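A.B. asks: Okay, here's the prediction I keep looking at, along with the sequence it came from:
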Amino acid sequence: MKTLIQKTLVLLLISLSIGTIWAEENKLTAVQILQKTDDVINAPKDQDLKIKLILTDKKGKEKTREMSMIQKGADKRLVKFLSPAAQKGISFLSLPDDVMYLYLPSFKKVRRIASHVKNTKFAGTDFTYEDMEAIRYSSKYIPKFIKKDGEYYVLELTPKEGIKTDYSRLMMWIRTDNFYLTKMEHYNRGNKLFKIMTRNNIEQVNGYWIAKESEMNDLKAKHKTKMIIDSVKFDSAFSDNIFSKRNLSK
């Protein structure tokens, strides 16, 4: 009898524990989910990536490019094209407070990217300057919980007051197990879906989650750009001096 009571108590405790975990998971607000996603994406102190780009037009014709991307924290990013020759040296710098710069070797000049042209495509890819910016989404968008779709949380993001963007809203699919962003729909000012970003081959590298492949699909232009990470290094202790206008042209 005593053994039966003990087993019953153990089962009751396990049941209560499972119920508590389930309740805690379901108590997460949209803001908390988005903040956790930001934390996962920007978990490394810094990142050093070598990326292969594949641009595919509506006829299926492909162009290949290579670039490097280094990032520190969640608000500093430097991107440089390595090939082909026509794009080599083109550089992009993203800094805090919505500050972005572009260097074009043909003009040998660094220029600041104005807010009203952030929606311009970056060097012929399907990623705009805004898409290339290093940010925490929770600092610029207000999230709304839509549903739990199987293994994903689905959030709708709308810009906070004062934020300048060409996106009326974003729809995010976030994994429930690790809070990694896997899909994002972009809606224009007319609230029409016009771009879809997907992230694939998601794995852990040195304890950090990363997508080895990302693709941006422009539905109107029927053009897409795939980013494939060839190599990645984390926590290299980059100096803030690397993320400067002077370093753009080097």
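C.D. replies: Alright, I've got the coordinates.
A.B. asks: C-alpha only now, for contacts and for neighbours.
C.D. replies: OK.
A.B. asks: So which residues of this structure form strands?
C.D. replies: Using DSSP state E, the strands of the chain run over residues 46-56, 62-72, 76-83, 91-95, 99-104, 109-112, 141-149, 152-159, 169-175, 181-187, 193-205, 208-218, 223-234.
A.B. asks: Now distance to residue 242, mean neighbour count and mean pLDDT too, for the ones you listed, in JSON lines please.
C.D. replies: Below are the strands of the chain laid out as JSON lines (distance: least, CA to CA, whole Å; neighbours: other CA atoms under 10 Å; pLDDT from 0 to 100):
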{"stretch": "strand 46-56", "distance to residue 242": "12", "mean neighbour count": "20", "mean pLDDT": "98"}
{"stretch": "strand 62-72", "distance to residue 242": "9", "mean neighbour count": "19", "mean pLDDT": "97"}
{"stretch": "strand 76-83", "distance to residue 242": "8", "mean neighbour count": "22", "mean pLDDT": "97"}
{"stretch": "strand 91-95", "distance to residue 242": "10", "mean neighbour count": "25", "mean pLDDT": "97"}
{"stretch": "strand 99-104", "distance to residue 242": "14", "mean neighbour count": "20", "mean pLDDT": "96"}
{"stretch": "strand 109-112", "distance to residue 242": "15", "mean neighbour count": "14", "mean pLDDT": "94"}
{"stretch": "strand 141-149", "distance to residue 242": "28", "mean neighbour count": "17", "mean pLDDT": "96"}
{"stretch": "strand 152-159", "distance to residue 242": "30", "mean neighbour count": "21", "mean pLDDT": "98"}
{"stretch": "strand 169-175", "distance to residue 242": "31", "mean neighbour count": "22", "mean pLDDT": "98"}
{"stretch": "strand 181-187", "distance to residue 242": "28", "mean neighbour count": "20", "mean pLDDT": "98"}
{"stretch": "strand 193-205", "distance to residue 242": "24", "mean neighbour count": "16", "mean pLDDT": "97"}
{"stretch": "strand 208-218", "distance to residue 242": "23", "mean neighbour count": "19", "mean pLDDT": "98"}
{"stretch": "strand 223-234", "distance to residue 242": "16", "mean neighbour count": "18", "mean pLDDT": "98"}
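A.B. asks: Next, format those strands as CSV and append distance to residue 129.
C.D. replies: Output for the strands of the chain, formatted as CSV (distance: least, CA to CA, whole Å):
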stretch, distance to residue 129
strand 46-56, 16
strand 62-72, 14
strand 76-83, 11
strand 91-95, 8
strand 99-104, 8
strand 109-112, 11
strand 141-149, 17
strand 152-159, 17
strand 169-175, 16
strand 181-187, 14
strand 193-205, 14
strand 208-218, 13
strand 223-234, 14
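A.B. asks: what are the bridge partners for residue 210, then?
C.D. replies: Residue 210 has these beta-bridge partners by DSSP bridges: residue 203.
A.B. asks: likewise residue 173?
C.D. replies: Going by DSSP bridges, residue 173 forms beta bridges with residue 154, residue 183.
A.B. asks: Which one of the strands of the chain lies nearest to residue 32?
C.D. replies: strand 141-149 (9.3 Å; CA to CA).
A.B. asks: by how many degrees do that closest one and strand 152-159 diverge?
C.D. replies: 160 degrees (axes from the mean of the first three to the mean of the last three CA atoms, to 10 degrees).
A.B. asks: What strands line up against strand 141-149, and which way round?
C.D. replies: Assessed with DSSP bridges, strand 141-149 is paired to strand 152-159 (antiparallel).
A.B. asks: Could you list the residues in contact with the partner strand?
C.D. replies: Here strand 152-159 makes contact (CA atoms under 8 Å, 6 or more residues apart in numbering) with 30, 140-148, 165, 167-176.
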